[in-house]
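Asks: Next comes the sequence, and after it the predicted model I'd like to discuss.
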Amino acid sequence: MQVIENPESLMELTLTTIILNLHCYGENLDKKLEPELRQMVLKHLLKKSRTYRFWDYSKNAWLVFPSLLSRETKEIDTYSLENMLSTYEMDSFERSSKFSISKVIQHLAGKAANLQKLTINHNKGGSRRLRRKEITSLRHLKNLSRLHISESIVLLSEVKTIVKNCRGLQFIKIYKLVLDGEKKVDFFDDGFLHHQIQFGSHDTTIRLDKDLPKTDHHFVGPGPHYHLVGYPKKVKNLEFLEMQKHATALTMYCEYFWDALKVVRFPRLPKLRSATFLGSYNRTHVLESFLEENGSHLSRLGICRRDTSHSTVTAGLTLEKIFGWCSNLEWLSLNYLSLSSYNVPVGCLSKLKSFKCLNRSGMCVDISSMLSAPQLEDFEIKIRNLDLGDKETLFSRIAQKEILINLKRYKIDAFPKEDAADLLEDQLIATIKSAIPDVKGAITRR
């Protein structure tokens, strides 16, 4: 019997000794080890299969793998199973063996009835398309709730087959989606609340979730939500959007959009309610093209520079222009970019309820217009060179409750100044608290 030297713990010694001597159990391994112990051995074996010393643990692990499955097996990653098969092949010189997802699923369906999460990850020989037989075999995993498929190519039509056959799935993520036939990516009446499709210069990725993800992204309305995430490099990448008229949210990463100036017209997305643009905004051509076409039905807009170490000054883009395009905007976030002007007629701000502005530049940022929005409920600012325009008039209007009458909360992050007593932030807070004693607020000093 083989033993291991210098074990990290008694439990590791026990599990590793069992693994090293699996061949001694014969065909009755599942009768000699209780399900709980088999699961502990399997978990330890799968973990070790990812290490370079796996060869030392078990060259025959692939042969006994099915016998280690039990009702306690809740999660499997095929990456580890392929490592087992590769090790077995190298030891036994059986080079002709091929890893079969459908065979693995057959074992899982028969012996791991409580399996909840399956990750299909082909790590040998590059990506390949999943076979139809492998796709349809997933229906045998009755309790499967989470499915991840990476390093395997899946057709859109086959994703729809998975959704149709595996009604218990709560979450699906596929990293290499290929559009076949219709280019429209939709799953109406499938029960999924959140659909995220990533497109552009990377592989097309799809994520389906019956719960809304816990992210910073806020979705508008009850759903279902179709969230498109773009990484365009060329104008051609935008063609994907032409078929996604059902999209409700859009996030665009534009820092590597090399021929952005060639965009003549941004695709129209009539159901879009939320949009976020990230990238370098020395030039705002794509953003402006998008807002011209889609701004009127947006209720949320975020514009952010990816590099937060400083703030970029945009050329010609003003707050008045943004609200001219986005007349229904309720929420606005401007992070680390400076507009040419922040003045905007109060009539354009009739629906604004929340704004956030982070700015590190030395340029004055006058937020007096946004503070005058009649429906404003909260704001967050972190501005190096804050400006309140005619502050005496502004403070008087706050004190007389002409503005900020709906304010519920605020957050201010103040940059240090030479004379802290003259901080505009302190004066603004004092005026707000005097007029609205119950407002919830916080200030942070750098």
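Replies: That came through fine.
Asks: Does residue 414 touch residue 423 like I think?
Replies: Yes: using CB atoms under 8 Å, residue 414 is in contact with residue 423, at 6.0 Å. Backbone N, C-alpha and C define where each C-beta goes, glycine included.
Asks: Helices of the stretch 251-400 of the chain, residue ranges please.
Replies: Ranges of helices in the stretch 251-400 of the chain, per DSSP state H, counting those that start in this stretch, are 285-294, 319-325, 368-371, 391-399.
Asks: Which positions in whatever helix or strand residue 172 lives in come out as buried?
Replies: Using DSSP states H and E, residue 172 maps to strand 171-178. Neighbour-count burial for strand 171-178, counted by 16 or more other CB atoms under 10 Å, picks out 171, 172, 173, 174, 175, 176, 177.
Asks: helix or strand right after the lowest-mean-pLDDT helix or strand in the chain?
Replies: Lowest by mean pLDDT, DSSP states H and E among the helices and strands of the chain is helix 54-57, with a mean of 55. With elements assigned by DSSP H and E, the helix or strand that comes after helix 54-57 is helix 61-68.
Asks: so what secondary structure elements neighbour that following helix?
Replies: Using 3 or more CB pairs under 8 Å, 6 or more residues apart in numbering; DSSP states H and E, the elements in contact with helix 61-68 are helix 29-32, helix 35-48, helix 78-92, helix 101-111.
Asks: Let's have these in CSV, adding mean neighbour count.
Replies: Shown next, in CSV, are the helices and strands packed on helix 61-68 (neighbours: other CB atoms under 10 Å):
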stretch, mean neighbour count
helix 29-32, 14
helix 35-48, 18
helix 78-92, 18
helix 101-111, 18
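Asks: closest to residue 67 out of the ones you listed?
Replies: Checking those against residue 67 by CB to CB gives helix 29-32 as the closest, at 4.1 Å.
Asks: ok, residue 119 touching residue 148?
Replies: Yes: using CB under 8 Å, residue 119 is in contact with residue 148, at 4.3 Å.
Asks: if we can go back for a sec, between the buried residues of strand 171-178, which is nearest residue 376?
Replies: residue 171 (37.2 Å).
Asks: what sits against the closest residue to that closest one other than its chain neighbours?
Replies: Of all residues not flanking residue 171 in the chain, residue 146 sits nearest, at 4.6 Å (CB to CB, 6 or more residues apart in numbering). Counting by CB atoms under 8 Å, 6 or more residues apart in numbering, residue 146 touches 116, 117, 118, 169, 170, 171, 172.
Asks: Could you list the low-confidence segments of the stretch 151-300 of the chain?
Replies: For the stretch 151-300 of the chain, the stretches with pLDDT under 70 are 188-189, 215-217, 280-283.
Asks: now with 90?
Replies: 151-153, 157, 160-161, 164-167, 179-191, 201-203, 211-224, 254-261, 278-285 (pLDDT under 90).
Asks: which residues in it form strands?
Replies: 152-155, 171-178, 194-200, 204-209, 225-231, 249-253, 274-278, 300-304 (DSSP state E, counting those that start in this stretch).
Asks: Show me what the shortest one is packed up against.
Replies: In this structure, strand 152-155 makes packing contacts with strand 128-129, strand 171-178, judged by 3+ CB pairs under 8 Å, 6+ apart.
Asks: any idea how far it is from the chain center?
Replies: Counting by CA atoms, centre = their mean, to the nearest Å, strand 152-155 is centred 20 Å from the centre of its parent chain.
Asks: who touches that strand?
Replies: Residues contacting strand 152-155 (CB under 8 Å, 6+ apart): 120-122, 127-130, 135, 174, 176-178, 180.
Asks: Pull that strand out as CSV, backbone CA atoms only.
Replies: Coordinates of each C-alpha in strand 152-155 appear next as CSV, following Å, rounded to 0.1, in the frame of the first residue of the first chain:
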residue,chain,number,x,y,z
SER,A,152,-16.3,25.0,-26.5
ILE,A,153,-18.2,26.5,-29.5
VAL,A,154,-22.0,26.5,-29.1
LEU,A,155,-24.5,27.6,-31.8
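Asks: mind starting the numbering at 53 from now?
Replies: I'll keep to 53 as the first residue from here, and by that count the last item is strand 204-207.
Asks: Give the pairing partners of that strand; include direction for each.
Replies: Here strand 204-207 is paired, per DSSP bridges, with strand 180-181 (parallel), strand 223-230 (parallel).
Asks: Please report how far residue 428 lies from residue 262.
Replies: Distance, residue 428 to residue 262, by CB to CB, to the nearest Å: 35 Å.
Asks: who has more neighbours, those two?
Replies: residue 428 (21 against 15; other CB atoms under 10 Å).
Asks: Residues in contact with the strand holding residue 224: which ones?
Replies: In contact with strand 223-230 (CB under 8 Å, 6+ apart) are residues 179, 181, 197-208, 211, 214-215, 249, 255-262.
Asks: what do you get for stretch 320-333?
Replies: By CB under 8 Å, 6+ apart, stretch 320-333 touches 269-273, 278, 293, 296-307, 309, 338-339, 342, 345-346, 349-359, 364, 366, 369, 389.
Asks: Just the buried residues of that stretch, please?
Replies: 321, 324, 325, 326, 327, 328, 329, 330, 331, 332, 333.
Asks: any idea how far it is from the chain center?
Replies: Distance, stretch centre to chain centre, for stretch 320-333: 16 Å (CA atoms, centre = their mean).
Asks: Determine the number of other residues adjacent to residue 342.
Replies: Neighbour count for residue 342, taken as other CB under 10 Å: 28.
Asks: for residue 288, same thing?
Replies: For residue 288, using other CB under 10 Å, the count is 11.
Asks: ok, now the one 3 residues further on?
Replies: Neighbour count of residue 291, defined by other CB under 10 Å: 12.
Asks: Please apply the same query to residue 421.
Replies: By other CB under 10 Å, the residues close to residue 421 number 20.
Asks: I'd like to know how far the closest residue to it other than its chain neighbours sits from residue 464.
Replies: Distances taken as CB to CB, 6+ apart place residue 396 nearest to residue 421, at 4.7 Å, with adjacent residues excluded. Distance, residue 396 to residue 464, using CB to CB: 21 Å.
Asks: Likewise for residue 400?
Replies: 24 Å.
Asks: same thing with residue 94?
Replies: For residue 94, the distance to residue 464 - CB to CB - is 54 Å.
Asks: Alright, I will stop here.
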